[in-house]
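Trainee: Fold the following and give me the result.
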Amino acid sequence: MGNNSIRIGDIADHMSARREPILVAWRRAIQRDPTVTSGDALPRHQLYDHIPTMLITFEQQLRRANAGSDGSAEAAAQKPAAAHGLQRWQQGYDLREVTRELCKLNECVVQELDAFHAEHPQVSGETFADARRCWAAICSTAIEESVSQYFLLQQQEAAGHVADLEAALEQIRQLEQQRADLWRQAAHDLRGNLGVVANATVGLAHTGLQESSRDQFVRILMRNVASLHHLLDDITSLARLQAGDEQRKIEFLDVASIMVQLCEGIRPLAQQRHLFLRTEGPTGFATEGDATKVRRIAQNLILNAVKFTQLGGVTVTWGDSGHDDPKRWLLTVTDTGPGLQTDSGAPISSALKSLQEAPAKTTDQVQAQDASAKTQSTGEGIGLSIVKRLCELLNATVEVQSSEGAGTTFRILFPRSYSS
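Mentor: Numbers count the residues shown, from 1 in each chain. Just a heads-up that it's a prediction; the model follows:
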């Protein structure tokens, strides 16, 4: 082919033959640029991704121009350019790196065009100008589309972060509300027991009190002081759990021994209330876990069950969870009580008055107040919150089945082993 016959289609053939050397030169330019570092960790095919497509688009547009076909270089470049922006965003490029590597590609293509023109000075200036304009349109579109796609993805990512933050803030608000309700409930429980203690104390100080009435006041006083002690222990434990001060200590333990000893200690309380407390499970049931925290979980569930059960009793069972989950073991506490209250945050009766506002009460009045505090108190909320926190610490799950008037069953699934 003579020099006088060179047309724009010949430039397209030259660029096609030189596509691989252009890519190599572009890769070296990227490697020498200190501001483009994300591509260093990419394999060759990922670094190139849509760059060869842009070069092919340039060649195709030159051939269309050679054939007299009217085609938009900008429209042809939009799809590969947008895909390039998506790819680079996914690969962790920042916006400066995206634009810099496209600018380096522009330099390499322009250098190749200039080299071709230098080797073929007979090419008309108009033909060469057409080729350069075609590439300029493709390159500018590539930068525009790539950057636009990058910005769009950044906006979508930012919108996702905002949505995540809003959801997290809502969860925090709900947790704070639950915490406030829990502490308000604790204050109500304390107030109820303190009211009984205060009135029993006033009754004991009353002159001319019969011995039988004095004994009743003492029993009421001792029962409510013990209840206050237990409630304060629960509040302290819950505060430590919420503050993250509790750590689990994993060791081998015998679940049967822990449960039998625990129930032996609680059985006298159940017998005072004319309730049974049964234990069912295999002897020598060994597993990994935190013995102290497993005992506290069981203790809180059993004490709550005994406290709120009026007839029947409580059954504690342990053993394998079954074929569905052989990596866990099961602890179950079942009672024949009234079922969980639907409004666990119900406050102590507003009828309870402070000592300064109420006159000294008779034995019957204090006994009635004592019974009211026991039946209206919702102290199970604190105990169950402690159970939930301890289960989270031990990677255990809690399942509850409760029916009004038919009792409640708590099923705790503990891991058989821990990795750390």
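Trainee: what's the neighbour count on residue 96?
Mentor: 10 (other C-beta atoms under 10 Å). C-beta here means a position set from N, CA and C on the backbone, and glycine is covered the same way.
Trainee: ugh, wrong one, residue 383
Mentor: Neighbour tally, residue 383, other C-beta under 10 Å: 23.
Trainee: which SS class is it?
Mentor: Here residue 383 is helix, with the state taken from DSSP: H, G, I helix; E, B strand; the rest coil.
Trainee: lowest-confidence helix or strand of this structure?
Mentor: helix 363-376 (a mean of 46; mean pLDDT, DSSP states H and E).
Trainee: Report the residue spans of the stretch 301-420 of the chain with pLDDT below the cut-off.
Mentor: Applying pLDDT under 70 to the stretch 301-420 of the chain picks out residues 323-324, 341-382, 420.
Trainee: In it, what residue spans correspond to helices?
Mentor: For the stretch 301-420 of the chain, the helices defined by DSSP state H, counting those that start in this stretch cover 363-376, 380-393.
Trainee: Just list what the host helix or strand of residue 269 packs against, helices and strands only.
Mentor: Element membership of residue 269 [criterion: DSSP states H and E] is helix 255-272. Applying 3 or more C-beta pairs under 8 Å, 6 or more residues apart in numbering; DSSP states H and E, we find helix 255-272 packed against strand 276-280, strand 286-289, helix 291-308, strand 313-320, strand 328-335.
Trainee: Out of these, flag the one nearest residue 134.
Mentor: strand 328-335 (67.8 Å; C-beta to C-beta).
Trainee: got the angle for the closest one vs helix 255-272?
Mentor: Taking axes from the mean of the first three to the mean of the last three C-alpha atoms, to 10 degrees, one finds strand 328-335 and helix 255-272 inclined to each other by 10 degrees.
Trainee: Could you spell out the sheet neighbours of strand 328-335, each with its direction?
Mentor: Its sheet considered, strand 328-335 pairs with strand 313-320 (antiparallel), strand 407-415 (antiparallel) by DSSP bridges.
Trainee: So what touches the last one?
Mentor: Put plainly, it is strand 407-415. 287-289, 294, 297, 301, 305, 309, 312, 321, 325, 327-340, 387, 391, 394-402 (C-beta atoms under 8 Å, 6 or more residues apart in numbering).
Trainee: Going through those, which ones are buried?
Mentor: 287, 289, 294, 297, 301, 305, 309, 321, 328-340, 387, 391, 394, 396, 398, 402 (16 or more other C-beta atoms under 10 Å).
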